[in-house]
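Asks: 3D, please:
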Amino acid sequence: MQIFQDLTEAIESFGAGSCAWQDALTKAELRKMESEHSEPEEPPSALLGLDGLALEYSWQELVQATESFAPERLLGFGASGMVYRGLLCEGTEAAVKVIEAPTAGGFDEEVRLLSRCRHPNVVLLLGFAEEAVGSARARRDSRRCALVYELLSGGDLHRRLQSEIPYLAESRLRTATEVCRGLAHLHKHRPEIFHRDIKSQNIIFSSDGIAKIADFGLACTASSRDARELLTTRVAGTLGYSDPLYAATGVLSESSECYSFGQVLIELLVGRPPAVLADDGKSCVLLAPSERGHKALQQQTVRDPKYKTTTKTTTARTKTIFTLQQRGL
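Replies: Here you go, the predicted structure:
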């Protein structure tokens with residue numbers, strides 16, 4: 001499928017006038033209808049283990065790199081563990097994620113996925129570490145694991161949107177384009193790769209401002225190279241970003257990821273998450289429908305005050321963000 005590739009063209013066409021985005025959206029819709037009849041890409045080589053996929057570090061090397069996982073080295077929390085700043089023996093700064101309660105296949109799957117996903121807008125996996133705890137026979141069930149990523153020092157999109165520093169419209173547009181390119185790269189693989197937790201906290205910037213998709217702790221792949229949907233046994237994701245249809249049925253598709261991406265687009269424009277936790281801390285309060293429509297944004301009622309632009313923001317450009325999400329492309 002090339003749905004996200006066509007969405008990239010639609011987003012980039014913001015600066016090309018009111019007709020270009022409509023042409024791009026029409027192309028995306030046609031591609032979506034024809035995708036079932038297209039030839040899938042050649043599958044990658046069979047991956048039987050972790051050997052050769054990425055550089056393997058010893059656990060002691062990571063202990064030294066993070067000063068024994070010192071609290072002051074803590075960068076944050078991911079879907080599956082804590083992330084520390086580390087200095088590797090070769091002098092490279094890195095982010096070390098210690099996996100909490102690694103499952104028999106979950107850790108291996110994440111290493112395989114990220115080893116295949118080499119793209120400027122997907123976080124780079126530098127290596128991994130795993131060490132048995134207890135007897136060698138129990139290694140797969142009792143082990144400690146960690147992933148070593150490139151260090152992205154620019155912070156995440158959520159924090160950038162909450163910052164008082166102006167976030168220009170052109171910069172937000174570039175962020176949306178880069179994320180869309182990263183998603184297109186994931187979904188071109190056969191079997192198809194589903195991230196399952198696209199949200200502003202999982203979009204992280206490099207030191208030079210390039211947006212990258214991160215935290216693949218919930219990612220999974222389609223059951224075969226020809227499959228375009230996956231029936232999951234456990235629904236995963238974040239309230240407000242996850243596709244309600246996926247949450248209700250457990251059926252995961254590229255459209256599910258498009259829904260999540262649509263929520264990020266809205267957040268880029270409005271400047272706040274599409275949903276927040278209620279006072280009880282358990283339920284989720286969605287952004288009011290009146291604040292999601294393009295008419296309200298045209299009237300400047302909910303647009304992020306830091307959403308400054310050096311060019312006139314046209315009605316068509318604003319409307320496109322919501323059209324992308326509503327069409328489920």
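
Asks: residues contacting residue 76?
Replies: By Cβ atoms under 8 Å, 6 or more residues apart in numbering, the contact list for residue 76 reads 82-83. Every C-beta, even on glycine, is put in place using the N, C-alpha and C of the backbone.

Asks: ok but it is inside a helix, no?
Replies: No: judged by DSSP: H, G, I helix; E, B strand; the rest coil, residue 76 forms no part of a helix; its state is strand.

Asks: what bridges to it?
Replies: residue 83 (DSSP bridges).

Asks: ok, it to residue 98 distance?
Replies: As defined by Cβ to Cβ, to the nearest Å, residue 76 lies at a distance of 12 Å from residue 98.

Asks: intersection of neighbour lists for these two?
Replies: 82-83.

Asks: so, low pLDDT: which residues of the protein?
Replies: Residues of the chain that meet the criterion pLDDT under 70 lie in 1-6, 10-53, 79, 102-105, 134-141, 224, 226-227, 276-329.

Asks: which residues of it fall in helices?
Replies: 3-12, 20-34, 59-65, 106-116, 157-162, 169-187, 244-249, 254-270, 289-292, 294-298, 315-326 (DSSP state H).

Asks: what's the domain layout of this protein?
Replies: 3-39+154-326, 55-150 (automatic domain parsing).

Asks: what's the spacing between the nearest residue to residue 174 once chain neighbours are set aside and residue 262?
Replies: Leaving aside its sequence neighbours, residue 174 sits nearest to residue 211 (Cβ to Cβ, 6 or more residues apart in numbering; 7.7 Å). As for residue 211, its distance to residue 262 is 16 Å (criterion: Cβ to Cβ).

Asks: circling back: go ahead and confirm the residue nearest to residue 174 touches residue 205.
Replies: Yes: at 5.8 Å, residue 211 counts as touching residue 205 under the criterion of Cβ atoms under 8 Å.

Asks: more neighbours: which of these two?
Replies: Remark: of residue 211 and residue 205, residue 211 carries more neighbours, 26 against 19, as counted by other Cβ atoms under 10 Å.

Asks: how about the contacts made by that one?
Replies: 121, 157, 174-175, 178-179, 182, 203-205.

Asks: most widely separated two among the residues you listed?
Replies: Pairwise distances across the contacts of residue 211 peak at 14.8 Å for 174 and 204 (criterion: Cβ to Cβ).

Asks: more neighbours: which of those two?
Replies: residue 204 (27 against 16).

Asks: bridged to the more buried one, which residues?
Replies: Beta-bridge partners, per DSSP bridges, of residue 204: residue 156, residue 212.

Asks: wait, isn't it in contact with residue 158?
Replies: No: if you go by Cβ under 8 Å, residue 204 and residue 158 don't touch, sitting 9.9 Å apart.

Asks: what's the burial count for residue 203?
Replies: There are 25 residues near residue 203, going by other Cβ under 10 Å.

Asks: wait, doesn't it sit right on residue 213?
Replies: Yes: if you go by Cβ under 8 Å, residue 203 and residue 213 touch, sitting 6.4 Å apart.

Asks: what residues are shared contacts of the two?
Replies: With Cβ under 8 Å, 6+ apart, residue 203 and residue 213 have common neighbours residue 179.

Asks: ok, residue 113 - contacts?
Replies: 193, 216, 219, 221.

Asks: closest one to residue 246 out of the residues you listed, please.
Replies: Using Cβ to Cβ, the contacts of residue 113 come closest to residue 246 at residue 219, 14.2 Å.

Asks: now that closest one: how far from residue 255?
Replies: In terms of Cβ to Cβ, residue 219 sits 17 Å off from residue 255.
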